[in-house]
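Colleague: coords please:
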Amino acid sequence: MRLPDFLGLGVQKGGTTYLHALLQQHPQVFLATPKEQQFFSLQWGAGVPGYAARFAAAAPQQRCGEITPYYVFHPLAPQRIQAVLPGARLIVLLRDPVERALSQYFHSRRLGLETLELEAALAAEPQRLAGSAAVLEQGQPHRSHQQHSYLSRSRYAEQLERFQALFPAEQLLILRSEALFSDPQPQWERILEFLALDRMPCPTLAPVYAGAGESQSVPVALREQLRQQLVSTYRWMEEVLP
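Modeller: Sure, this is the predicted structure:
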């Protein structure tokens with residue numbers, strides 16, 4: 001069976017679509033389609049043979065991978081990945097925590113997944129996510145855990161610690177989304193080295209942003225409130241990322 005050599009774990013609204021588009025341009029990479037396979041999160045019951053079939057068309061010399069941004073947040077994904085892919089290389093893109101949370105909110109609004117106004121949705125988040133871990137442990141999806149987890153998904157340290165407990169540091173590559181967007185070539189070179197791919201210039205692609213810039217309308221005072229709620233994440237990022 002062919003199984004992935006690498007995974008893009010997330011984060012949601014952190015640039016994984018752009019990463020997927022870049023890697024598609026490398027001849028030594030085979031990416032499963034569609035982009036978000038969700039095997040280690042929502043489709044675990046499909047079984048490993050069925051998952052492996054999604055990579056059967058890869059050429060022998062290609063490295064297989066897939067990118068599902070829910071993996072980094074799903075509490076069962078780390079153990080599942082370690083059980084099936086103990087040697088996999090794992091890539092995480094981390095965006096500014098407040099901008100990521102706002103982007104997810106407006107993403108849910110555009111898709112009709114969120115009916116509450118921004119401040120009401122943020123206030124409702126703890127109650128919406130209450131009991132989600134127990135539901136996920138039973139192998140069931142939890143709608144709000146996936147769709148209404150705005151601030152929770154921006155608490156990166158808690159999510160990465162689960163992977164760091166199971167995988168050695170050399171199997172984890174953590175990058176800043178903003179660095180990949182603003183100056184992609186150095187980050188691209190890090191990705192190629194991490195995945196043991198032949199060097200090639202970074203493809204000339206525009207960063208992929210979904211949305212119409214709705215978050216620009218969010219007041220500065222509310223942004224600062226959110227930053228204070230996520231201050232521990234900002235401090236953690238300063239320690240682990242250059």
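
Colleague: The longest helix along the chain packs against which elements?
Modeller: For the chain, the helix that runs over the most residues, judged by DSSP state H, is helix 97-110. Other elements packing on helix 97-110 under the criterion 3 or more C-beta pairs under 8 Å, 6 or more residues apart in numbering; DSSP states H and E are helix 118-129, helix 220-229, helix 231-240. Every C-beta, even on glycine, is put in place using the N, C-alpha and C of the backbone.

Colleague: quick one, which of the ones you listed is nearest to A165?
Modeller: Taking C-beta to C-beta as the criterion, A165 comes closest to helix 231-240 out of those, the separation being 14.9 Å.

Colleague: Residues touching the closest one, excluding its own?
Modeller: Around helix 231-240, the neighbours that count as contacts under C-beta atoms under 8 Å, 6 or more residues apart in numbering are 94, 97, 154-157, 160, 174, 176, 227.

Colleague: and the angle from that helix to helix 220-229?
Modeller: For helix 231-240 against helix 220-229, the angle between stretch directions is 70 degrees (axes from the mean of the first three to the mean of the last three C-alpha atoms, to 10 degrees).

Colleague: got the CA coordinates for helix 231-240 in CSV?
Modeller: As requested, the backbone C-alpha atoms of helix 231-240 are provided in CSV (Å, rounded to 0.1, in the frame of the first residue of the first chain):
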residue,chain,number,x,y,z
VAL,A,231,-1.9,36.5,24.7
SER,A,232,-0.4,33.1,25.7
THR,A,233,-0.5,32.0,22.1
TYR,A,234,1.4,35.1,21.0
ARG,A,235,4.0,34.5,23.7
TRP,A,236,4.3,30.9,22.7
MET,A,237,4.8,31.8,19.0
GLU,A,238,7.6,34.2,19.9
GLU,A,239,9.4,31.4,21.7
VAL,A,240,9.0,28.7,19.0
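
Colleague: Run the chain-centre distance for that helix.
Modeller: Taking the mean of its C-alpha atoms, helix 231-240 sits 18 Å from the chain's own mean (C-alpha atoms, centre = their mean, to the nearest Å).

Colleague: What ranges does this protein have for its helices?
Modeller: Remark: helices of the chain, listed N- to C-terminal, are 16-24, 48-52, 77-84, 97-110, 118-129, 132-137, 143-147, 156-164, 177-182, 184-194, 220-229, 231-240; assignment by DSSP H.
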